[in-house]
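Visitor: Provided below for reference: sequence and predicted model.
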Amino acid sequence: MIDKSKQGPTVMRNGDPAVRSIVQAGIRLILEQQTPGGAYPASPSFSAYAGYCWFRDGSYIADAMSAAGHIESAERFFDWCSNALTSRTGRIRRIVAESLAGRPVAGDQMLPTRFTLDGAEGSDDWWDFQLDGYGTWLWALAEHSARHDRPLARWAEAIDLTVDYLSVSWQRPCYDWWEESAQHVHVSTLGCIASGLASIAQSGLIEESLSERAASTAHQIRRRVQDEGVQDAHLTKWLGTDTVDASLVSLIAPMNFLSPHGPLSAGTIAVIEEQLTVDNGVHRYLADTYYGGGQWPLLSCFLGLAHAASGNRTRAHELLEWAASTAGANDELPEQVDHHLLDTDHLQPWNERWGSSASPLLWSHAMFIRLAIALGLPYDTADLTPAPTAKESAK
């Protein structure tokens, strides 16, 4: 268990202008950093992230921008995803055909989790075989369509490819959200896939046979999770274990895999609060050593979204306040902070290899925006046009 005896950082009230300032800064940052082709770089200043866009991170960023009313930004990202998929149509069709024939391709031949900003695949080694992001992009697309009454025809081919790819691949072990533990089938991954498939099937805007295939696969995944991914009335980190991971709360909200008012949601929230939350900062999982096992603002926001959806808005406000307290210069939110480290011996080696924690992290800003909007906190939408780049200013 985590030692909860230490006090965390002083928090601010979320009615404070500082919270609204962070929301505005996050929207502006995302608009400034998005490429003309639609990619959202994970972090502009962290070496391993700057030149890459993840389907996972990007989909949550697009959802936040959609919720904030920036329709064009979200749709440019969906275009980027669509182009990444349709440019690999032959590869995806081969993966599907081989899987259906009982000859699934090796993990290094599956689609990667991240792409360069122009949609190419990176040349450096990475923990690439991850499935959750492809489900998350379907979910974000369906949410956006429903939120703004937008048609899906422009992404029809990419949707078809994604449904087929996930329908034959969802049972395979792969890396999790954190690019670890590739030998397991992760419950967060399954939930993201099922949410994406179910959401796109329920849109009523795709071809009937494709919708039926997506819905059927989502139903199979739900049964698998119920049978093998639940222990002691809570979701588990992967199938067949009793440990937990903070990414699980995303399946309550915003992913809607679980009913927010059901007993499984209540049990999952309770165990994440008990095992992984200290002074409102949330760890990934108990055995985490990355950056010494720090606390992640985006995970506090995910937990806040789960609480808000289940009706505990007071707790959601507290979690948003903690995330706001981690902001640095220019209201920038980091990937994680070194409060209540789980393994202090790993912090110095991490800093020597990578430097300080990635900041700003666009995904952190996205989840802060998303929780603030879910709580109905006001923010000024005026004057959020991206500042000109140095190159543009010189013209």
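Guide: Everything's here; your move. Numbers count the residues shown, from 1 in each chain.
Visitor: report the longest helix in this structure, please.
Guide: helix 208-228 (DSSP state H).
Visitor: against which helices or strands is it packed?
Guide: helix 156-169, helix 187-202 (3 or more CB pairs under 8 Å, 6 or more residues apart in numbering; DSSP states H and E). No exception for glycine: its C-beta is placed from N, CA and C like everyone else's.
Visitor: among these, which is the most enclosed?
Guide: helix 187-202 (a mean of 26; mean count of other CB atoms under 10 Å).
Visitor: re the thing from before, in TSV: the helices and strands packed on helix 208-228, plus mean pLDDT.
Guide: Formatted as TSV, those follow (pLDDT from 0 to 100):
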stretch	mean pLDDT
helix 156-169	98
helix 187-202	98
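Visitor: quick one: which of those is nearest residue 66?
Guide: With distances scored as CB to CB, the stretch of those nearest to residue 66 is helix 187-202 (13.3 Å).
Visitor: surely residue 77 and residue 37 touch.
Guide: No. Contact criterion CB atoms under 8 Å: residue 77 and residue 37 do not qualify, at 9.4 Å.
Visitor: in this protein, where is pLDDT below threshold?
Guide: Applying pLDDT under 70 to the chain flags the ranges 1-16, 379-395.
Visitor: where along it do the helices fall?
Guide: Under DSSP H, the chain gives helices at 17-33, 55-67, 71-86, 89-100, 132-148, 156-169, 187-202, 208-228, 263-276, 297-310, 313-325, 347-354, 362-374, 390-393.
Visitor: and stretch 345-360, end to end?
Guide: Separation of the first and last residues of stretch 345-360 by CA to CA, to the nearest Å is 25 Å.
Visitor: er, stretch 230-249 actually
Guide: OK, stretch 230-249 end separation, CA to CA: 14 Å.
Visitor: next, the buried residues of it.
Guide: Within stretch 230-249, the residues scored as buried using 16 or more other CB atoms under 10 Å are 230-231, 234-239, 244-249.
Visitor: the residues you listed in strands, which ones?
Guide: 230, 231, 234, 235 (DSSP state E).
Visitor: am I right that the second one is in contact with residue 239?
Guide: Looking back up the chat, that one is residue 231. No. Residue 231 sits out of contact with residue 239 when judged by CB under 8 Å, with a separation of 10.4 Å.
Visitor: if we can go back for a sec, what's the closest of the ones in strands among the buried residues of stretch 230-249 to residue 276?
Guide: So of these, ranked by how close each gets to residue 276 (CB to CB), first place is residue 234, at 11.8 Å.
Visitor: contact partners for the closest one?
Guide: Residue 234 makes contact with 244, 248, 264, 267, 268, 270, 271, according to CB atoms under 8 Å, 6 or more residues apart in numbering.
Visitor: please name the nearest non-neighbouring residue to residue 337.
Guide: residue 326 (5.1 Å; CB to CB, 6 or more residues apart in numbering).
Visitor: if we can go back for a sec, minimum distance to residue 290: which of the helices of the chain has it?
Guide: Per CB to CB, nearest to residue 290 of the helices of the chain: helix 347-354, 7.1 Å.
Visitor: hey, C-alpha coordinates of the closest one in PDB?
Guide: Taking Å, rounded to 0.1, in the frame of the first residue of the first chain, the C-alpha atoms of helix 347-354 are listed here in PDB:
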ATOM      1  CA  LEU A 347      14.200   8.800 -10.400                       C
ATOM      2  CA  GLN A 348      17.800   9.800 -10.800                       C
ATOM      3  CA  PRO A 349      18.600   7.200 -13.500                       C
ATOM      4  CA  TRP A 350      15.400   8.300 -15.300                       C
ATOM      5  CA  ASN A 351      16.400  12.000 -15.200                       C
ATOM      6  CA  GLU A 352      19.900  11.100 -16.400                       C
ATOM      7  CA  ARG A 353      18.600   9.300 -19.400                       C
ATOM      8  CA  TRP A 354      15.600  11.500 -20.400                       C
END
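Visitor: hmm, back to that, please list only the buried members of the contacts of residue 234.
Guide: 244, 248, 264, 267, 268, 271.
Visitor: for residue 360, state which of those residues is nearest.
Guide: Out of those, the member with the shortest distance to residue 360 (by CB to CB) is residue 248, at 25.5 Å.
Visitor: residue 212 and residue 269, how far apart?
Guide: For residue 212, the distance to residue 269 equals 33 Å [CB to CB, to the nearest Å].
Visitor: ok, these two, which is more surrounded?
Guide: residue 269 (24 against 11; other CB atoms under 10 Å).
Visitor: just give the nearest non-adjacent residue to the more buried one, would you?
Guide: residue 306 (5.5 Å).
Visitor: give the contact list for that neighbour.
Guide: 249, 250, 252, 253, 260, 265, 268, 269.
Visitor: now do the phi/psi pair for the fifth one.
Guide: The reference is to residue 260. phi -70, psi -20 (degrees, to the nearest 10).
Visitor: that one and residue 254 touch, don't they?
Guide: No. Taking contacts as CB under 8 Å, residue 260 lies outside contact range of residue 254: 10.3 Å.
Visitor: name the residues contacting each of these two.
Guide: By CB under 8 Å, 6+ apart, the residues touching both residue 260 and residue 254 are residue 309.
Visitor: neighbour-wise, which of the two wins?
Guide: residue 254 (23 against 18).
Visitor: list the contacts of the residue nearest to the more buried one when sequence neighbours are not counted.
Guide: Nearest non-adjacent residue to residue 254, counting by CB to CB, 6+ apart: residue 305, 5.6 Å away. Contact partners of residue 305, counting by CB under 8 Å, 6+ apart, are 249, 250, 252, 253, 254, 316, 367, 370, 371, 374.
Visitor: ok, now with 10 Å
Guide: 249-250, 252-255, 260, 316, 319-320, 367, 370-371, 373-375 (CB atoms under 10 Å, 6 or more residues apart in numbering).
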